[in-house]
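Visitor: Build me a model from this:
(2 chains)
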Amino acid sequence: MTNARRSAGLRRVSTATYGLVAASMTGVAVVTGVVAHQGVHHGTSPIAQTDDGSSTGTASASPSANTDDALGNVTPQSPAAQSPVAQSPAVQSPVQQQPAQQQPAQQGPVQVLPGGPTPVVGAVQKPVHHHAVTSGS
Amino acid sequence: MTAETLEIDAGLATRQWPAIGTTAHVVVRSRTDIDAATRIVVTELDALDRACSRFRVDSEIATLSRAGGAWVAVSGALSAILASALEVASFTDGDVDPTMGADLQNLGYDRDFGELVQLPAFAPLSMPLSMPLTYRVVRQPSWRDVELDEANRRVRVPAGVVIDLGAIAKAWCADRCAGRVASELGAGVLVSLGGDIATAGIGPRDGWVVRVQDKPDSTDGPSCAVVLHDGFAVATSSTVTRTWQRGASRLHHILDPATRLPAEPTWRTVTVAARSCVRANAASTAAIVRGRRAPRWLGGLALAARLVSVDGVVSTIGGWPTEHAA
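Guide: As a prediction, the model looks like this:
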């Protein structure tokens, strides 16, 4: 039984979610008790980051401005562009860098197509034949 | 099933058709399997729609929402999907919560998306701070309040709660369809339901080629193509699809259970590959909700993911291949 309320026992869970409801909003119950983080990066990458991965930062010319790998080893695809997760190129990452023409490795669930059919920010290229498309739906 | 198309390419048989407000797409390695594979998927989609559609008055979750907090007998399909949804809610620490249906309705997403009209500006959500508000503290029901008795196939949800399984039902169905096609027909198969993709059996020699993009019908924005190995799944969540206008606000369909409003769009698109489509979809949806906290969370789960920020910067994590300029 993976859920607290499933099947046997049907134990009532005391954990509750509370929030402030804006009652005057034409019937739309809007909980305002929790405010989403809305940090905005300033400057260009690399961006100084705190260890919770959520802080704003200012630009630094030094790769050492990136304090750690707090963002889970994110690999920015466009180092010069602003990004919430932009990271210094000098930071070690377990994400394997693959040359564009490298044959696909047989490890991991996904791999880049040989010949690099794609992507990249700012580069528009016709896709090679594909079997399916995943997108927001 | 209407407007289906059948293509044979590189020894593969492909069929797609509109279904459940999106597109169903099946690819098998042998043309002789395509009809049987299609029948399996059609059957599963029909069961899914009868169980989970928020937009059918005769669906099981519609009945559940009208039950006023009483126990309701449910089908095996709904029981299984709810079990999966509750596991996802637990796995995501509640960031993907199936009890948000009423909130989606209140925000205007109260019918099949294709029929959604842009609502007038009677309740703009980006209200000026100066607007007077009256507050009261209430307890918001959550996934923890859903009681599922799998042994007896019955469910109870608090009165007023509307179950929405939109985040997980397609992924669950894709997994199920792919598994059934592979096991019953012995066929290598890819099943895509609105971009939630599951594979099973032995696929093409060079793997399944999957294009990743923001919107199903547009290659605008950063996109890439990757090879998905046999048995893996991939799903994408986006804040730029299924959007609608409400007053002065542009809304999207992924709600943050903490605010019960559309999640702050840190990411325009998040794509995750995993062993199951349910897991991939759960992670991609939760990543949208988690915003800046998503990379660390995904990294801890060792899931391969691709995140596109609102300004189009692509980041990858957990073994997702690096994309290179052409």
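
Visitor: Just name the shakiest helix or strand of chain A by mean pLDDT.
Guide: strand A:17-22 (a mean of 36; mean pLDDT, DSSP states H and E).

Visitor: gap between residue B:230 and residue B:204?
Guide: 9 Å (C-beta to C-beta, to the nearest Å). C-betas here are computed from N, CA, C, even on glycine.

Visitor: Now the closest residue to chain A within the stretch 101-250 of chain B: phi and psi?
Guide: Using C-beta to the nearest C-beta, residue B:238 is the residue of the stretch 101-250 of chain B that sits closest to chain A, at 2.2 Å. Per-residue torsions, residue B:238: phi -140, psi 150 (degrees, to the nearest 10).

Visitor: What is the neighbour count of the closest residue in space to residue B:266 that isn't next to it in sequence?
Guide: Excluding the flanking residues, the one nearest residue B:266 by C-beta to C-beta, 6 or more residues apart in numbering or on different chains is residue B:291, at 3.7 Å. Residue B:291 has 20 neighbours, counted by other C-beta atoms under 10 Å in any protein chain shown.

Visitor: if I look at residue B:291, how far off is residue B:170?
Guide: Look at residue B:291 and residue B:170: by C-beta to C-beta, they are 23 Å apart.

Visitor: Same question for residue B:182.
Guide: Taken as C-beta to C-beta, the span from residue B:182 to residue B:170 is 18 Å.

Visitor: Residue B:68 too?
Guide: In terms of C-beta to C-beta, residue B:68 sits 29 Å off from residue B:170.

Visitor: So which of these two has more stuff around it?
Guide: Between residue B:68 and residue B:170, counting by other C-beta under 10 Å, residue B:170 is the more crowded of the two (28 against 9).

Visitor: my read: the more buried one touches residue B:22, true?
Guide: Yes - judged on C-beta atoms under 8 Å, residue B:170 makes contact with residue B:22 at a distance of 7.3 Å.

Visitor: Show me the common contact partners of the two, please.
Guide: Common contacts of residue B:170 and residue B:22 (C-beta atoms under 8 Å, 6 or more residues apart in numbering or on different chains): A:137, B:193-194.

Visitor: Out of these, name the ones that lie in strands.
Guide: residue B:193 (DSSP state E).

Visitor: so which of the shared contacts of residue B:170 and residue B:22 would you say is closest to residue B:45?
Guide: Nearest to residue B:45 among those: residue B:193, at 7.6 Å, using C-beta to C-beta.

Visitor: part of a helix, is residue B:220?
Guide: No - read with DSSP: H, G, I helix; E, B strand; the rest coil, residue B:220 is coil and lies in no helix.

Visitor: which regions of the chain lie under the pLDDT threshold?
Guide: Assuming you mean chain A. A:1-128 (pLDDT under 70).

Visitor: I was after chain B.
Guide: Ranges of chain B meeting pLDDT under 70: B:1-10, B:109-138, B:219, B:244, B:246, B:248, B:323-326.

Visitor: Now do the longest helix anywhere in it: which elements does it pack against?
Guide: In chain B, with assignment by DSSP state H, the single longest helix is helix B:34-52. Contact partners of helix B:34-52 among helices and strands, from 3 or more C-beta pairs under 8 Å, 6 or more residues apart in numbering or on different chains; DSSP states H and E: strand B:12-19, strand B:22-28, helix B:60-65, helix B:76-91, helix B:169-185, strand B:189-193.
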